Structure formats: C-alpha cells, structure tokens
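*Asks:* Sharing a model prediction with you, sequence too.
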Amino acid sequence: MATWAYKATNTKAGSVFTQFLADSHRFLARTAYYPPKTPGAKLVRTASAWNVAVGDTLLLYFGSNEKRLLSTYKIMDPNEAGPGFTNAGPQGAFAQVRNSQLMTALSTHPEYQRDPYFGCYVGYVLEPLPGVPARRFEDVRWPGQHTLIQLP
C-alpha cells in the first residue's frame, strides 16, 4: 500500500471546512479530470489522482498560511462505504457522491465544482487513521503546484 500526501489550500475552502468534510462526511473532494484550457480540447485526466488505491494511506495537510497536518486517513472502497458513494471508474479509488447532505454541503462552496467528466462531485472516501506517524508539512517536498504526491 502506498502513502500519499495531499495539500489542501484556501483555493477551495479553508482548513475548517476541509476538516469538516473529512471528519463529518468521510470525504475529500478531488476532481478526476480538469476542464480543457482551450475550447474544443479534450478533458485532461488528473494522472496521479488515479493512482491512489483502496487501502492506501492519505496524509491530509493544509498549506496556505497554516502549513500543518490536519489528519491521517485510509482510502476506502467507495462501493463498501455505504449508500452515499459509488465507484467513479474502473481503476483507482475515486468515488461519486450520492449523499444528498454531502452534495448540499459541497454546493454551498462554489469553489467545489462537479467533475467535468462524471458530472457530479467526486473524490476519496476516508476512514480516520489516528496515531499514524506523519512528517511535518515543512518536511514534505511539494514539487511545484502539485497538491497530491506519493511519498517514498
């Protein structure tokens, strides 16, 4: 199983709402595809995000001005996480959101958008993993603008 570091920032929502989604809804919103940069171009698949697998460990950090670890989680199988989620693809751990309360919570923050390919909110279903040792934010090498990296 792999270990991933995910850097949330103020681009979508602050650390309080990100932590609320992760702890209350067991969910981390993450698009599977980026919209094309030019009209008529194809959608761009978020390559590293598709490599996250069920059972992997996710270290959820918050960047921006706080630069701290929010919590650690295990990536859950969307099909086994209850009726609020379904699998979003043939590979990886992407989940489609089917839970109306979670959809409402996400829609109150327009920074969160439905995935352009799936037409719904997608991301990872999380199970808290308390007590997992994690690096400090400053000790993780964040290459460029990447928000999701696999740790060695």
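*Replies:* Looks like it arrived, so ask away.

*Asks:* Disregarding flanking residues, what is the spatial nearest neighbour of Ala81?
*Replies:* With Cβ to Cβ, 6 or more residues apart in numbering as the criterion, Ala81 has its nearest non-adjacent residue at 4.2 Å, and that residue is Val125. Just so you know, the C-beta spots here come from the backbone N, C-alpha and C atoms, and that holds for glycine as well.

*Asks:* Quick one: residues contacting that neighbour.
*Replies:* 26-27, 75-78, 81, 85, 93, 95 (Cβ atoms under 8 Å, 6 or more residues apart in numbering).

*Asks:* repeat for Tyr117
*Replies:* Tyr117 makes contact with 32-33, 43, according to Cβ under 8 Å, 6+ apart.

*Asks:* And for Gln96?
*Replies:* The contact partners of Gln96, by Cβ under 8 Å, 6+ apart, come to 78, 85-88, 118, 120-122.
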